[in-house]
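*Asks:* Provided below are the primary sequence and the corresponding predicted coordinates.
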Amino acid sequence: MDEQQEMKVKNPWHRPHIFLATAGIAAAIIIMVAIAVVQNKPLQQKYKYGIVLDAGSSHTSVYIYEWPAEKENNTGMVKQKQACSVKGPGISSYSKTPEKAGESLKECMDNATKTIPKHRHPETPVYLGATAGMRLLKMENDVDSKKVLASVEKSLQTYPFSYQGARIITGQEEGAFGWITVNYLSENFRKASRTVGALDLGGASTQITFVPGQQVESSDNSIDFRLYGNDYHLYTHSFLCYGKDQVLKLYLEQQIQPNADMTDNIILEDPCFHPGYNIIKSFQSVFDSPCVKNLTNSQKGQNFTHRGIGNWNKCNQAIKEVFNTSHCRYSRCSFNDVFQPPVTGRFGAFSAYFFVMDFLNVTPDHSLDEAKKILEAYCTTPWGTLKQKHRKVKEKYLAEYCFSGTYIVSLLEDGYKFTTNDWKNTEFIKTIKNSEAGWTLGYMLNLTNMIPAEAPDTPLLPYGGYVSLMLVLSFLIIVCIILGCIFFRRPSGPAHKEII
Ligand SMILES: O=c1[nH]cnc2c1ncn2[C@@H]1O[C@H](COP(=O)(O)OP(=O)(O)O)[C@@H](O)[C@H]1O
Ligand SMILES: [Ca+2]
């Protein structure tokens, strides 16, 4: 055999079965790599969007939510993309200039137009829900409240989105949708875990919602949902006038005891305000709501001196007076003759609960007694010292944190009958996984039917597992074919002999 012939025989590529095997493995590797690349390539996510305006008593917020377009019915998928705080007061404050209510939304709605991709605009729903500020305005003046709603409606209809209506939501809706939001974001529905109760504190009303351990005796307080294959029977109540701004009016009304011939020299020595706090206020500014009594015209023009004395014990005692516990037509009540079963389980307390407790640095690690000590120290701090220390904090908030914090503790303890253990089970929260806790998300999920009543049929394997299994099986089949080729190929010809 000459040298050239020997080279030819020893070159493995000249043996078809080795060539076949190598080519097969290479093909398998290329296919696997190709699939892996396609699989891991960040697919261009297709998102859908929804907008909810929370028209609260003190201000309006515009929330934009987003969710992957293909997974609408999967709980845990909808997230808050953006929140925009509308400049100026809540829409109910525009009762005498209703056209300004609609105008006030412009900046945040223009923002939403920029944030949401243009091709999604026509299918993006927009909802406006107004809460207790508008409930009170409606009680006071139905025509004015309709004008305000018409004004915001007109403004929202000028945008390229799918306008779905502006309305005053009920207190039950506010409570129930807040509960849905916190449990949806905590994935308690999907995992069928124990739910958490929801506590919302606004400026004009406050809500408590939880799954009770006993029958709800009053139909007004009962609400049922079937979510993800489970039935939930909720207890919920909304106390109008017990948000932190309106309850301050109730409290001041009790403190001032106006008489028919009020003089200009009335001085209110207030234990819930700081020593050194001394401000002249008009009676009108306190008695300007249906939560408190009507003033005569002469009383309306008069002023009083609001003087702080910073006495936490007296403040706490005085606040308890806003809860009427003298009557209860049910087996048990919270206050004001409202049925309430004993609280049970964990609670998430949001909105003003969070703002106040966050400012006062009260955390779930503090016991109820420690929280009271912190409040006592804060309430007795002179007003001048506080203003020096917190120059950037709005003066109105700063002056009212003593009252609001003491009210929160009293609402939980004296109002809802929280024990020290229930307090430990309560967390003050602003957001869950970057989405704000509040009624808006639950409201949108409900109106868009995004939480299915029944749990969807889950595939045997998750998508990732399915792809991996298919890859492994394909690889094994290819290897088997190649081995089969090698194994069953009859050894023949001189080339084969010469290798051995
Ligand atoms: O930073 C803050 N510190 C203290 N209170 C705040 C802060 N931001 C908002 N608030 C208060 O939270 C409450 C929000 O109530 P909202 O306007 O939602 O009323 P509603 O829910 O009763 O209609 C108001 O009392 C408002 O003053
Ligand atoms: Ca609110």
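*Replies:* Cool, got the structure. Numbers count the residues shown, from 1 in each chain. Ligands and ions are numbered 1, 2, ... in the order given.

*Asks:* quick check: phi and psi on V338?
*Replies:* V338 has phi and psi values of phi -100, psi 130 when expressed as degrees, to the nearest 10.

*Asks:* any idea how the protein splits into domains?
*Replies:* For the chain, the domain assignment from automatic domain parsing gives the residue ranges 12-42+463-489, 46-169.

*Asks:* are we agreed that A399 is in a helix?
*Replies:* Yes. Under DSSP: H, G, I helix; E, B strand; the rest coil, A399 sits within a helix.

*Asks:* would you single out the least confident of the domains of the chain?
*Replies:* Sorting those by mean pLDDT places domain 12-42+463-489 lowest, at a mean of 62.

*Asks:* out of the domains of the chain, deepest packed?
*Replies:* Ranked by mean neighbour count, the domains of the chain are led by domain 46-169 with a mean of 19 (mean count of other C-beta atoms under 10 Å). The way it works is simple: take the backbone N, C-alpha and C, and place the C-beta from them, glycine included.

*Asks:* is that one anywhere near ligand 1?
*Replies:* Yes. Judged by C-beta under 6 Å from any ligand atom, domain 46-169 comes into contact with ligand 1 at 56-59, 90, 131-133.

*Asks:* sorry, back to before: and of the domains of the chain, who's closest to K394?
*Replies:* Of all the domains of the chain, the one in closest proximity to K394, counting by C-beta to C-beta, is domain 46-169 (11.4 Å).

*Asks:* quick check, nearest of the residues of domain 46-169 next to ligand 1 to I168?
*Replies:* T131 (7.6 Å).

*Asks:* mind listing what the closest one touches?
*Replies:* 54-57, 168-169, 174, 202, 204-205, 439 (C-beta atoms under 8 Å, 6 or more residues apart in numbering).

*Asks:* strands - which of those land there?
*Replies:* Counted as lying in strands by DSSP state E, out of the contacts of T131, are 54-55, 168, 205.

*Asks:* just the element for V148, please.
*Replies:* In the assignment (DSSP states H and E), V148 maps to helix 142-156.

*Asks:* and F225, helix, strand or coil?
*Replies:* strand.

*Asks:* can you give me the distance of it to Y63?
*Replies:* Distance of F225 to Y63, given as C-beta to C-beta, to the nearest Å: 21 Å.

*Asks:* please enumerate the helices of the stretch 1-150 of the chain.
*Replies:* 3-10, 16-40, 98-104, 106-115, 132-140, 142-156 (DSSP state H, counting those that start in this stretch).

*Asks:* repeat for the stretch 401-500 of the chain
*Replies:* 420-424, 439-447, 463-488, 493-499.

*Asks:* the residues of domain 46-169 next to ligand 1 into a markdown table, with extra columns for distance to H233?
*Replies:* A markdown table is the format used below for the residues of domain 46-169 next to ligand 1 (distance: C-beta to C-beta, whole Å):
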| residue | distance to H233 |
| --- | --- |
| G56 | 28 |
| S57 | 29 |
| S58 | 32 |
| H59 | 33 |
| G90 | 33 |
| T131 | 24 |
| A132 | 25 |
| G133 | 30 |
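
*Asks:* how about those residues, which pair is most distant?
*Replies:* Using C-beta to C-beta, these span at most 12.7 Å, a distance reached by H59 and A132.

*Asks:* kindly check the end-to-end length of stretch 445-453 for me.
*Replies:* For stretch 445-453, the first-to-last residue distance is 12 Å (C-alpha to C-alpha, to the nearest Å).

*Asks:* now that stretch: buried residues?
*Replies:* Buried residues in stretch 445-453, counted by 16 or more other C-beta atoms under 10 Å: 445-448, 450-452.

*Asks:* that stretch: how far from the chain's middle?
*Replies:* Here stretch 445-453 is found 16 Å from its chain centre; the criterion is C-alpha atoms, centre = their mean, to the nearest Å.

*Asks:* and it, what's its mean pLDDT?
*Replies:* pLDDT averaged over stretch 445-453 gives 94.

*Asks:* what sits against the nearest residue to S205 once chain neighbours are set aside?
*Replies:* The shortest distance from S205 to any non-neighbouring residue, by C-beta to C-beta, 6 or more residues apart in numbering, is to A132 (3.6 Å). Remark: with contacts taken as C-beta under 8 Å, 6+ apart, A132 is in contact with 56-57, 171, 202-205, 238, 240, 243, 246.

*Asks:* do you know how far A132 is from R194?
*Replies:* Distance from A132 to R194, by C-beta to C-beta: 29 Å.

*Asks:* do you know the pLDDT at the residue in the stretch 401-500 of the chain that ligand 2 sits nearest to?
*Replies:* Nearest residue of the stretch 401-500 of the chain to ligand 2, counting by C-beta to the ion: G438, 6.5 Å away. For G438, the pLDDT comes out at 98.

*Asks:* that one reaches I180, doesn't it?
*Replies:* No. Judged on C-beta atoms under 8 Å, G438 makes no contact with I180 at a distance of 10.9 Å.

*Asks:* between the two, which one's more packed in?
*Replies:* Using other C-beta atoms under 10 Å, the more surrounded residue of G438 and I180 is G438, with 28 against 25.

*Asks:* re the thing from before, okay if I get the residues of domain 46-169 next to ligand 1 as a markdown table plus distance to ligand 2?
*Replies:* Shown next, in a markdown table, are these (distance: C-beta to the ion, whole Å):
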| residue | distance to ligand 2 |
| --- | --- |
| G56 | 4 |
| S57 | 7 |
| S58 | 8 |
| H59 | 9 |
| G90 | 9 |
| T131 | 5 |
| A132 | 7 |
| G133 | 9 |
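
*Asks:* nearest to Y277 among those residues?
*Replies:* Closest approach to Y277 among the residues of domain 46-169 next to ligand 1 (C-beta to C-beta): S58, at 21.2 Å.

*Asks:* give me the contacts around the helix or strand containing N316.
*Replies:* Using DSSP H and E, N316 maps to helix 312-320. Helix 312-320 has contacts (C-beta under 8 Å, 6+ apart) with 251, 254-255, 271-272, 372, 375-376, 379-380, 402-403, 406-407, 409-410, 414.

*Asks:* list only buried entries from those residues.
*Replies:* Buried, going by 16+ other C-beta under 10 Å: 251, 255, 271-272, 372, 375-376, 379, 402-403, 406-407, 409-410, 414, out of the contacts of helix 312-320.

*Asks:* which pair in those spans the largest distance?
*Replies:* It's Q255 and K372 that sit farthest apart of the buried ones among the contacts of helix 312-320, by C-beta to C-beta, at 21.1 Å.

*Asks:* just to revisit the earlier point, next SSE after the helix holding N316?
*Replies:* Scanning forward in sequence from helix 312-320 by DSSP H and E, the next helix or strand is strand 347-351.

*Asks:* list the buried residues for that next one?
*Replies:* Buried residues in strand 347-351 (16+ other C-beta under 10 Å): 347-351.

*Asks:* and what of stretch 323-330?
*Replies:* Neighbour-count burial for stretch 323-330 flags 323, 328 (criterion: 16+ other C-beta under 10 Å).

*Asks:* roughly how far is that stretch from the heart of the chain?
*Replies:* In terms of C-alpha atoms, centre = their mean, the centre of stretch 323-330 is set 32 Å apart from its chain centre.

*Asks:* any idea of the mean pLDDT for it?
*Replies:* Stretch 323-330 shows an average pLDDT of 98 in the prediction.
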